[in-house]
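Novice: from the sequence below, what's the structure:
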Amino acid sequence: MTVNRRALAVLAAGALVLTGCAKGGAGGSAPGQASQSPSVAMPTQAGESKQAKVKAGTPQDSQGPAIEVPGSKKGGTVRVIASSDFSHLDPGQIYVSNNAQASELINRGLMGYKQLRNGDVLVVGDLSADTGTTTDGGKTWTFKLKDGVKWEDGEPVTSEDVKWSFERLYDPIINQGPTYVQQWLVDGDYRKTYPGAYSGKRLDTIETPDAKTVVFNLKSAHPDFNMALAMSGYGIVPKKHTMDKSKQKDYDKKPVASGPYRVVSHIGDKSMDLERNPHWDPATDPIRNAYPDKWRFEFGVTAQQSTDRLIADSGDDQTTISINGLGSERIPEVVADGELMKRSISGYTPFTDYWVINTSRVKNPKVREALIKAWPIEAIHKLSGGDAGWGHRASTMMSPTVPGFRKFDVWGQLDNPEGDIEAAKKLLAESGEPNPTIVYAYGSTPLPGKVALLVQEALTKAGFKYVGKKIDSGTWYDSVGQLDNGFDVFRSGWAADWADGSTVMAPLFDGRLIAEGSTNYSQFNDPAVNSAIDEANKLTDPEARGEAWSKIDEQVIKQAAVIPGFYLTYLDLRGSKVWAEMDNWWGSTNLKTAFVAE
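Specialist: Purely as a prediction, here's the structure:
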């Protein structure tokens, strides 16, 4: 997430722009085949759908080219419409899912996710020849780079590029991506232990015995280390082009490609154009089909506007796909129209949507509990389009896709989703703060603004003094990730970075990770929870780990650090002359397999 996986992220734009990594869902069909998503009749209880299986692939699975899509064609231009520009394309800064989706067309990492035609997902070597080797239970990992992997300037990708890519993550200027590996490679607080690549010092826990071999020496065993490396935030950058720290903002908008496409134009908040990278070899790539010759991204199109354009299906929009998700007002119309549903992309995502309560500002537990009791979940659910819109009402942080998920409802939100204003008033009276001020941040696109009006009405009735702050959706996490952001409540979303509860509960609620750009948006710091996280991380039995993370989930919910929202579903449209399917890892439209159909 916010996801992989944060990363993310916010539904600030009213669409599935989520943080965190992801898995799950199905949808779309190849030309001439029956649609895999003839309707979006979602199950009555979240988690009843078949979720994609995720497992490590064999060395053969790591070889290219990618699995062919039946009926696929090469050539042409696929157009993508999105509500906002990508806030980051530098791999080290990526922890939000829409950034990661675009990045996968441009950047490659040691590892990646390969979607099978049955919908399941394999973790495979991307730049690496296989999924890595370890002989000591996961403390030492060795990766061999494939032959023929090159940058867009024709230079080979080397082990020095890999080492440099991880060393630069320690510099304060790189502060938006995941932090797992940084912690695993050093003792103590990684921000204080090693100053980063731009200091001139090297990291001795990464070895490069030759130009194609990289050895990671972790401080403790992590059998799932290769799974972590599949995160887009651990993509590899060329040392040659990233040594000048003063040019990092430019690189963030136009990175040097190792994937099938390179950026030829990126006009902030307006458009981005990609064309083929002539030095990308499909024989080395098991993940990306790269069917189109070009991509044209158009920004600043709301979910409502993109839905209306794709319903009309005229001109260039016939070869257009959206990554916005459907506009909520059009969901009933689309679901009821059999012809439109033939062009739908739909499925279940691994993301949990929630509202952050900033515990460093809202210190009184009774006030936080009152917020939860007053929250108009059902009104928001209906406004967003119900189960086919944002999804099923949630009561936990861990999604039903995470091993160990356990359903509980601490605050009775499932039984009373309309909210309980009287209970909220009573809690405020008990708190000693009968009329506290709450600063609510929301995104700059239409749907978040409508949600804000519902929130304002409910909180005002309960006795809160409401202050709304509209934030640019395109830079949402850059704003809310600041320690002194000035916000009390704001929306976020998250999915496990890989199939383990540690990648949900630790990044979101470990108090020792609170810092500028940290994903502990609640700034929640409870010694008992920190200790429970450490104990859960020591467990090796999957069932025991799952149970431990679920208990931590309930601990956090009981302390009112968040307002649970929804287990998210996805529904969108494509033009009649382009084919696209569900990405079962990101829980959104799959860019890697899309093609112009006519």
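
Novice: from Tyr234, how far off is the closest residue to Pro223 other than its chain neighbours?
Specialist: In this structure, Pro223 finds its nearest non-sequential neighbour in Gly138, 3.7 Å apart by Cβ to Cβ, 6 or more residues apart in numbering. Any C-beta I mention is one placed from the backbone N, CA and C, and that applies to glycine too. The gap separating Gly138 from Tyr234 is 16 Å, by Cβ to Cβ, to the nearest Å.

Novice: again with Glu68
Specialist: Distance, Glu68 to Tyr234, using Cβ to Cβ: 28 Å.

Novice: quick one, which of the two is more surrounded?
Specialist: Taking other Cβ atoms under 10 Å, Glu68 and Tyr234 do not tie; Tyr234 has more neighbours (23 against 11).

Novice: give me every residue that touches the more buried one.
Specialist: Applying Cβ atoms under 8 Å, 6 or more residues apart in numbering, one finds that Tyr234 lies in contact with Pro91, Gly109, Leu110, Met111, Ser165, Phe166, Gly177, Pro178, Val181, Ala228.

Novice: just Phe509 next, same as before
Specialist: With contact taken as Cβ under 8 Å, 6+ apart, Phe509 is in contact with Asn520, Ser522, Phe524, Asp526, Val529, Ile533, Ile552, Val556, Ala561.

Novice: which elements pack onto the helix or strand bottoming out on mean pLDDT in the chain?
Specialist: Least confident helix or strand of the chain, by mean pLDDT, DSSP states H and E, is strand 54-56 with a mean of 81. In terms of contacts (3 or more Cβ pairs under 8 Å, 6 or more residues apart in numbering; DSSP states H and E), strand 54-56 is packed against strand 121-125.

Novice: contacting residues around the strand it packs on?
Specialist: Applying Cβ under 8 Å, 6+ apart, the set of residues contacting strand 121-125 from outside is 23, 52-57, 59, 61-62, 110-116, 131-132, 143, 146, 226-227, 230, 286-287, 498, 584-585.

Novice: in strands, which of these appear?
Specialist: Among those, the residues falling in strands (DSSP state E) are Val54, Lys55, Ala56, Met111, Gly112, Tyr113, Lys114, Gln115, Phe143.

Novice: residues in a beta bridge with Leu274, which ones?
Specialist: Val263, Trp295 (DSSP bridges).

Novice: run a quick neighbour tally on it.
Specialist: Neighbours of Leu274 under the rule other Cβ under 10 Å: 26.

Novice: show the pLDDT at it.
Specialist: On pLDDT, Leu274 comes in at 98.

Novice: ok, it touching Ile106?
Specialist: Yes - using Cβ atoms under 8 Å, Leu274 makes contact with Ile106 at a distance of 7.1 Å.

Novice: for the contacts of Phe509, which one is nearest Leu427?
Specialist: For the contacts of Phe509, the residue nearest Leu427 by Cβ to Cβ is Ala561; the value is 15.8 Å.

Novice: Asp553 versus that closest one, what's the distance?
Specialist: Ala561 sits 11 Å away from Asp553, going by Cβ to Cβ.

Novice: could I have the helix or strand containing Leu105 exported to PDB, CA atoms only?
Specialist: Counting by DSSP states H and E, the element that carries Leu105 is helix 97-106. Provided in PDB are the C-alpha atoms of helix 97-106 (Å, rounded to 0.1, in the frame of the first residue of the first chain):
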ATOM      1  CA  SER A  97      -0.400   1.900  -6.000                       C
ATOM      2  CA  ASN A  98      -1.200   4.200  -9.000                       C
ATOM      3  CA  ASN A  99       2.400   5.400  -9.000                       C
ATOM      4  CA  ALA A 100       3.500   1.700  -8.900                       C
ATOM      5  CA  GLN A 101       1.200   0.800 -11.800                       C
ATOM      6  CA  ALA A 102       2.700   3.400 -14.000                       C
ATOM      7  CA  SER A 103       6.200   2.700 -12.700                       C
ATOM      8  CA  GLU A 104       5.900  -1.000 -13.800                       C
ATOM      9  CA  LEU A 105       5.900   0.100 -17.400                       C
ATOM     10  CA  ILE A 106       9.100   2.100 -16.900                       C
END
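
Novice: I am finished for the moment; much appreciated.
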